[in-house]
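Enquirer: whatever this is, show me its structure:
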Amino acid sequence: MKPKQTGSRLSLLAVTLTAAAAPQIASAQLEEVVVTAQKREQSMQDVGISVSAFSAQQLENLGIKNTTSITEQIPGLQLSAWSPAFTIFSLRGVSQTNFQDNLEAPVAVYVDGAYVASMNAINAQLFDMDRVEVLRGPQGTLFGRNATGGLIHFITRKATDQELNGYVEAGGAEFSTYSFEGALGGSFTDRLRGRIAGRWEQSDGYVTAGSALGRTATGRDSYGANGFALRGSLQFDATDAVTVDVIAAYSRDHDVPTGEYIVSLAGFNPDTGLGAFNNAIDPADPTGPPVNFPRTPITGDPWKHWSDENPYMNRNVRSLNAQVTAKVGDGLDLVSITNVMSMDKFYIEDAGGGFGFFPYNTINSYEQWSQELRLSGDRDRFRWQVGAYYLDMQWDTFQSVQGALILGGTSDTQKMSTRGLIDSKNWSVFGQTEFDLAPAWTLITGLRWSQDDKSLRMNRVFEDVPEGVQPTEVFNIADVGIPGIDSIDYGDYAARAQINFKAAEKTLLYAAFNRGIKGGNWSLDPLGGVAPENLKHGPEKLKAYEVGVKTDLFNGLARLNAAAYYYDYKDYQAFSLVGLTPQVTNSDATSKGGEIELTASPTQGLDFILGAAFIDSTVDAVPDVFGGTVRADFPLAPRTSLNFLGRYEWPGLGGLVSVQVDGRWNDDQFLEGTNSEVSFEPSYSVWNAALGYRTNDDKLRVSVFVRNFTNEAYRIYDLDLGLLGFIEQAYAPPRQVGATVAYHW
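Expert: Sure thing, here's the model as predicted:
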């Protein structure tokens, strides 16, 4: 079997083509975008799914070096993060904003065909990539588990049959940010190819200590980086019909400066129980008149914290992935993907934000292994896939909170610890067919049965040893007299029915129905504020209706893709703080919206991308802090978001010079599920610019960039602690200037 060529086939714009030959100015003609959205290689314009894709060169042009950075140019994709220890993607407003380590997200993340379940492991360095694909809407038929919102697929660069090739790149930027990465690979024999790649990054962080209320904080800088990642791949032709790809990866983050919050004063509205900046009760004088707290951070600066603590994160992630691709008959292909992954994380934050001693600590040990077998065939007007999947996961989670601020009383040495052990096993069988009813009409049907079995062991221990209270168990889920409270046995189906109409050679119209499912889980209550009967939440089920169009315009100079959808949720999984304790509950919900993407190359060397996303959502009942309910929008779901990228390249300085500007505008949105006043984030825009140069042989590449050049201050996380008199926030990075130098061979 001829080895797969990577990196040179995929290009969203002509300018993003990887250098398979001597470079030249991009022609005014859009190139084909090849994706694997249906687990086989297809032109993106032939796939009836709302898909966005980044090529390797486009990732480099945008300066995307982390999995979370892709959100800026993907319509409908938002990010919430206060630490690399935990990452929340929101796609079309669908997300899971609970910060507990045992939960899985409704936006599935895949790396090289393998599902990554832990939300602790998806914030990672990006390097030596082939492409990134983002699929919107339920993808349960082919991808299965927990993809009600869609999925993000990171595909690394594999070994090829080329001669020895590789690159090195060094970068530097403000906040003492430094990085170095490189890759080396090629063909060893006619049947064996290999590649090794790695990246290191260090940054002090963009949040520093500030002053407020007559006190200057002494805590360390935060929101930085300190880690490395390594990846090695081998590709072997066992026979002319069988190819084996093996990828081993390891990453280590050590003493990462993180865990500091930006805090603002806030109270709560006694009528709703929700956090409020205005018309709020003063926690220092609860019987007095309402006060008007300012929205600004207590330090007066969105990038200055008020903490005296020095929190940090350590994390190790190991992964081994093996894919076997075989031709087993006339028109038949068999694919096997085996993955083993483990992660260990230690994270501690100053959850008191300077107002009091309140360290929140999590320790998470996670292991998974998965196996997928897939058989596909292609005969005349009929294409099909059938397969089976198994996933085994073990979650060992630990949470602790300490101090009088959260536990009451006067002792800062009191401590509550909660441990949860979850054993999760999932198996599924699936199939999808495509039948050409006529030359222009194709019917697609898909079905997947998934069985989810989970068990939980959970207990909570209170101690205050200096005050004479030895560690004492105060809760054990085994003692709760509720049948089935510590187990989940859930089987259900995902389904797809779609019709494609090829209205013209370069125009596809489609209409689709998808049924998506996401299994239940537990809120591992760290404080005892959740009633035992509410610890477990049920599965969510989604009926999604979508129509779309994909077309090339002006003889290939432009491409327009658009989609509109309607979501009908049964038992949507909503997150909120009930009595300051994290809890997920089920509620019905609806959402409607769509996306538009326009890619254009109007003249040689000039390229544009314009995107827009629209969301209108309603969750029927989200619990507030006192246990009542409110009707709310999805969190992380601006009603309108826009993105823009413009790039121009021309001959100069003996090579090629380029200038690029990209930006995004987000409408008003809420950062929390209760839509409290303190979680309201006004509209904002973020703009980046880069000046690049590459030699005629494309070996030397230089880029100077400035990110967020308007120095926009906007929040990417909010936690409503209005009952304590303040809120905790994380702001995106301020303006940052930097440069990279790369050499390819």
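
Enquirer: what are the bridge partners for the residue nearest the centre of the chain, then?
Expert: For the chain, residue 89 is the residue whose C-alpha lies nearest the centre (CA atoms, centre = their mean; 3.8 Å). Under DSSP bridges, the beta-bridge partners of residue 89 are residue 79.

Enquirer: go on, residue 197?
Expert: Going by DSSP bridges, residue 197 forms beta bridges with residue 183, residue 231.

Enquirer: quick one: it and residue 128 touch, right?
Expert: Yes - counting by CB atoms under 8 Å, residue 128 is a contact partner of residue 197 at 3.8 Å. Glycine gets a C-beta too; all of them are placed from N, C-alpha and C.

Enquirer: list the residues that are in contact with both of those two.
Expert: Common contact partners of residue 197 and residue 128 (CB atoms under 8 Å, 6 or more residues apart in numbering): 156-157, 181, 183, 231.

Enquirer: now those residues in CSV, with pLDDT?
Expert: Shown next, in CSV, are those (pLDDT from 0 to 100):
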residue, pLDDT
156, 96
157, 94
181, 98
183, 97
231, 98
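
Enquirer: among these, the buried ones, what's the ChimeraX command?
Expert: Per 16 or more other CB atoms under 10 Å, the buried members of these correspond to this ChimeraX selection:
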select :156,157,181,183,231
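
Enquirer: quick one: the helices in the chain?
Expert: For the chain, applying DSSP state H gives helices covering 56-62, 404-407.

Enquirer: how close does the residue nearest to the centre of the chain get to residue 345?
Expert: Remark: distance between residue 89 and residue 345 (CB to CB, to the nearest Å) = 18 Å.

Enquirer: now do residue 142
Expert: 30 Å.

Enquirer: residue 745 is in contact with residue 698, correct?
Expert: No - using CB under 8 Å, residue 698 is not in contact with residue 745, being 10.0 Å away.

Enquirer: which one of these two has more residues nearby?
Expert: When residue 698 and residue 745 are compared for neighbours, residue 698 comes out ahead with 17 against 11, by other CB atoms under 10 Å.

Enquirer: what does the model give that one for pLDDT?
Expert: For residue 698, the model assigns a pLDDT of 93.

Enquirer: which residues touch stretch 106-115?
Expert: 67, 89-91, 94-96, 116, 122, 139, 143-156, 247, 319, 321, 323, 337, 339, 341, 370, 372, 391, 518, 540, 573.

Enquirer: hmm, 7 Å instead?
Expert: 89, 91, 94-96, 116, 122, 143, 145-156, 247, 321, 323, 337, 339, 370, 391, 518 (CB atoms under 7 Å, 6 or more residues apart in numbering).

Enquirer: mind checking how far that stretch is from the chain centre?
Expert: In terms of CA atoms, centre = their mean, to the nearest Å, the centre of stretch 106-115 is found 10 Å from the chain centre.

Enquirer: stretch 36-54 too?
Expert: The answer for stretch 36-54 is 19 Å, by CA atoms, centre = their mean.

Enquirer: for the record, mean pLDDT for that stretch?
Expert: pLDDT averaged over stretch 36-54 gives 94.

Enquirer: buried set for that stretch?
Expert: 36-40, 42, 44-45, 47-54.

Enquirer: quick one: pLDDT of residue 368?
Expert: 97.

Enquirer: so who does residue 370 touch?
Expert: 114-115, 339, 390-391.

Enquirer: nearest to residue 677 among those residues?
Expert: Ranked by distance to residue 677 (CB to CB), the contacts of residue 370 are led by residue 115 at 37.5 Å.

Enquirer: hang on, the earlier thing: in TSV, list the shared contacts of residue 197 and residue 128 along with distance to residue 502.
Expert: Listed next are those as TSV, based on distance: CB to CB, whole Å:
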residue	distance to residue 502
156	33
157	33
181	42
183	40
231	39
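
Enquirer: ok, so of the shared contacts of residue 197 and residue 128, who is nearest residue 709?
Expert: Distances from residue 709 to those, taken by CB to CB, are shortest for residue 181, at 24.5 Å.

Enquirer: tell me which two in the buried residues of stretch 36-54 are the farthest apart.
Expert: Applying CB to CB across the buried residues of stretch 36-54, the maximum distance is between 48 and 54, 20.7 Å.

Enquirer: low-confidence ranges, this structure, go.
Expert: 1-29, 279-284, 286 (pLDDT under 70).

Enquirer: so which residue of this protein lies furthest out from the middle?
Expert: Within the chain, residue 468 marks the point farthest from the mean C-alpha position, 44.7 Å out by CA atoms, centre = their mean.

Enquirer: distance of it relative to residue 414?
Expert: The spacing between residue 468 and residue 414, counted by CB to CB, is 11 Å.

Enquirer: quick check: the gap between residue 102 and residue 91.
Expert: Counting by CB to CB, the gap from residue 102 to residue 91 is 21 Å.

Enquirer: higher neighbour count, the two?
Expert: residue 91 (30 against 25).

Enquirer: verify the stated contact: the more buried one with residue 147.
Expert: No - the criterion here is CB atoms under 7 Å, and residue 91 misses it with residue 147 at 9.8 Å.
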